[in-house]
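[1] sequence first, predicted coordinates after that:
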Amino acid sequence: MAETDVLILGAGLAGISAALHARSPYRLVEKSDRVGGLCKTDVREGFRFDATGHWLHLRDPDIRRLAEEVLPGGWLTVQRKAGIWSHRRFTRYPYQVNTHGLPPEVVAENVLGFIEAQFGEGGRALREREPRDFAEFILRHLGEGFARNFMFPYNAKMWTVHPREMNTEWMGRFVPHPTVQQVVRGALGLEGDQAGYNATFIYPREGGIESFPRALAGRLPRPAECGVCPIAIDPSRKTARLSTGEEVRWRHIVATIALPELAHLCAGAPAAVLEAAGQLRATTVTYVNVAARDLGSAPLHWAYLPEERYAAYRVGSASAAVPSLAPAGCRSFYVEFSAAGPLDAATVEHQAVDTLLDLGLVRARGDVLFAEAHAIPHAYVIYDDRYGPAKREIASWLESRDILIAGRYGRWEYSSMEDALLAGRECARRAG
Ligand SMILES: Cc1cc2nc3c(=O)[nH]c(=O)nc-3n(C[C@H](O)[C@H](O)[C@H](O)COP(=O)(O)OP(=O)(O)OC[C@H]3O[C@@H](n4cnc5c(N)ncnc54)[C@H](O)[C@@H]3O)c2cc1C
């Protein structure tokens, strides 16, 4: 039987990072035909499409150094240009601090609702206790106007459940938390667009986002084994059977594959663990890559669509941010839809083009070169009531068997590319 100290499952950023930081011999197995996971870039007719927008924000100095070292072509730094499309106009992102330009009654509702929530009698009850769910968090920190005009409809569309069904565990840096000065200045058009965690981002100068995981994987002392996945894991014997037929003995597993799938792969998983795995939910994102002739429309990198009349929750244009992602004279777009499961490709392709036409990002149907739907099966994990207890049940049992979890789907969380790199590094250190 083959032996390894660390068996790493999945070669997205988390798995690659675990391998790069491993302190003892490892094997890295990847089900698909190439490394990168969600950070793959598809090339079609001169266009390069990531899986929707994949913009990198780095906070950790070591990860930043690593990123600078590995990429031969270097990085571009891009100033975010993001917006919200509502009431048939674009306003700047984040909505909360950029209401200038909306109809005056909408601005008034947003600002007065915010003031009431912060200082008024109507907001007192929520101010005096911790919010019980995401809806209460929104009402407590932003007020009824922002809730009605943006936060409730947008989040319900993106997460597929109403904010009242979600907890507040996931938000951290992701939900901007404005001051009264920012809200008032934003209503008067005096705020810049620097708010939020993602005001600037970096992106590979060449090759799309995939060039980053590829470059990292190119540094590995032992390459990833692609087209290979575990068929069964036996935590009591500390062995795994691979799709190649090989049996491998391990000391630690670092798993970056989806947590519910991992639980089901483990022989002898207790009923409570399997039951918990069944309780974890996620949205499926179907995104449509659209290639079009460029009419010189607003160079928006992405825009949020809170209104119900659009089935999509967000549109973006990667080539607006990085022109080399589309051939000269052309523009690439992605249009994102969220649902409990897969959507019909032809329907969303049609809706995607209609949406771009309606927003004026594409001039005429004849300017569209192609539109192609793709799905991310569990794109956003849903932080509902059952999330915390179910995840703890599974994670603590796995840990007790020396199976460590890393990455967005291994940890079953809402997190970024950098978080995946950090989680991989942390698990490699823990595995020793
Ligand atoms: C729509 C969307 C937009 C995003 N935009 C951004 C952004 O702009 N900026 C940002 O920082 N982050 C963004 N993210 C998050 C980012 O994509 C992830 O945090 C990161 O790529 C996760 O890496 P990972 O290695 O944890 O998981 P993954 O990339 O999912 O890698 C897991 C790997 O495991 C493999 N695998 C699965 N099952 C098995 C199995 N049974 N056996 C072996 N291998 C298996 C998969 O093929 C995959 O290669 C976005 C995510 C989504 C869904």
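    Noted; the coordinates are in hand.

[2] report pLDDT for the closest residue to the ligand within the stretch 101-250 of the chain.
    Nearest residue of the stretch 101-250 of the chain to the ligand, counting by C-beta to the nearest ligand atom: Cys229, 3.2 Å away. For the C-beta atoms, the positions are set from N, CA and C on the backbone; glycine is no exception. For Cys229, the model assigns a pLDDT of 98.

[3] state the phi and psi torsions of it.
    Dihedral pair for Cys229: phi -140, psi 160, per degrees, to the nearest 10.

[4] which residue sits closest to it, ignoring its sequence neighbours?
    Lys31 (4.0 Å; C-beta to C-beta, 6 or more residues apart in numbering).

[5] got the phi/psi numbers for Phe47?
    Note on Phe47: its backbone torsions stand at phi -100, psi 150 [degrees, to the nearest 10].

[6] just checking, it touches Asp294?
    No - Phe47 is beyond contact range of Asp294, at 11.9 Å (criterion: C-beta atoms under 8 Å).

[7] so which of the two has more stuff around it?
    Phe47 (23 against 19; other C-beta atoms under 10 Å).

[8] check contacts around that one.
    289, 291, 319, 325-327, 330, 332 (C-beta atoms under 8 Å, 6 or more residues apart in numbering).

[9] what is the most widely separated pair among the residues you listed?
    Asn289 and Pro327 (14.1 Å; C-beta to C-beta).

[10] more crowded one of the two?
    Higher neighbour count among Asn289 and Pro327: Asn289, with 24 against 16, using other C-beta under 10 Å.

[11] so which strand or helix has the more buried one?
    strand 282-293 (DSSP states H and E).

[12] what about the nearest residue to Asn289 once chain neighbours are set aside, how many neighbours?
    The shortest distance from Asn289 to any non-neighbouring residue, by C-beta to C-beta, 6+ apart, is to Phe49 (4.4 Å). Phe49 has 24 neighbours, counted by other C-beta under 10 Å.

[13] would you mind measuring from Phe49 to the ligand?
    To the ligand, Phe49 is 12 Å away according to C-beta to the nearest ligand atom, to the nearest Å.

[14] wasn't that residue part of a helix?
    No - counting by DSSP: H, G, I helix; E, B strand; the rest coil, Phe49 falls outside a helix, being strand.

[15] and the helices in the stretch 151-300 of the chain, which stretches?
    152-159, 180-187, 211-218, 259-265, 271-279 (DSSP state H, counting those that start in this stretch).

[16] take the ones you listed and write them to a markdown table, including mean pLDDT, distance to Asn98 and mean neighbour count.
    Converted to a markdown table, these look like this (pLDDT from 0 to 100; distance: least, C-beta to C-beta, whole Å; neighbours: other C-beta atoms under 10 Å):
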| stretch | mean pLDDT | distance to Asn98 | mean neighbour count |
| --- | --- | --- | --- |
| helix 152-159 | 97 | 14 | 21 |
| helix 180-187 | 94 | 5 | 18 |
| helix 211-218 | 98 | 31 | 22 |
| helix 259-265 | 98 | 37 | 21 |
| helix 271-279 | 98 | 38 | 16 |
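
[17] where does the prediction get shaky in the stretch 251-400 of the chain?
    Scanning the stretch 251-400 of the chain for pLDDT under 70 picks out no residues.

[18] give me that answer again for 90
    Low-confidence segments of the stretch 251-400 of the chain, defined by pLDDT under 90: 295-299.

[19] if anything else comes up later, I'll come back, but that's it for now.
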